[in-house]
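Undergrad: what shape does this take:
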Amino acid sequence: MSEASFIPPVKPVGMELVMFYPCPYCGRNVPLLAPTEASMGSCDFCRKQFPLVPIDNTTVQYIKLILDNGQAAIDPEYV
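TA: Residues are numbered from 1 along each chain as shown. As a prediction, this is how the structure comes out:
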C-alpha cells in the first residue's frame, strides 16, 4: 500500500482576462479571452459566429501590471 504524498498548493504564473460577449443569435453570454484585435467569436451554445469589439490592449497590460501578472491576487493568508 503506497502512501499519498503531500503536494503543496500551486501559485499562478500568469493571468488572462475573460470578457463576456452576448451572442446576438441566442443571447447567451459567451466567455472569451479578451481580444485586443478585431476578430470573430463563436457561441459555444448555438455555434454561430459573430464579430467582436476588441478590448484596449493598454488597459489589459495595465491590469496585468497592477496585479503583477496574477501574483498580487494571491490570498496572503494562504501563502
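
Undergrad: CA only for contacts and neighbour counts going forward, please
TA: Will do.

Undergrad: in the chain, which spans are strands?
TA: Under the criterion DSSP state E, the chain contains strands at 18-22, 29-33, 39-42, 49-52.

Undergrad: for the third one, enumerate the helices and strands it packs against.
TA: Contacts of strand 39-42 with other secondary structure elements, assessed using 3 or more C-alpha pairs under 8 Å, 6 or more residues apart in numbering; DSSP states H and E, are made with strand 49-52.

Undergrad: adjacent strands (with direction) for the strand it packs on?
TA: Sheet pairing of strand 49-52 (DSSP bridges) gives strand 39-42 (antiparallel).

Undergrad: any idea how far the partner strand is from the chain center?
TA: 16 Å (C-alpha atoms, centre = their mean, to the nearest Å).

Undergrad: again with stretch 36-48
TA: The answer for stretch 36-48 is 15 Å, by C-alpha atoms, centre = their mean.

Undergrad: and if you look at stretch 18-34?
TA: Worked out by C-alpha atoms, centre = their mean, stretch 18-34 lies 13 Å from the chain centre.

Undergrad: state the mean pLDDT of it.
TA: Mean pLDDT, stretch 18-34: 97.
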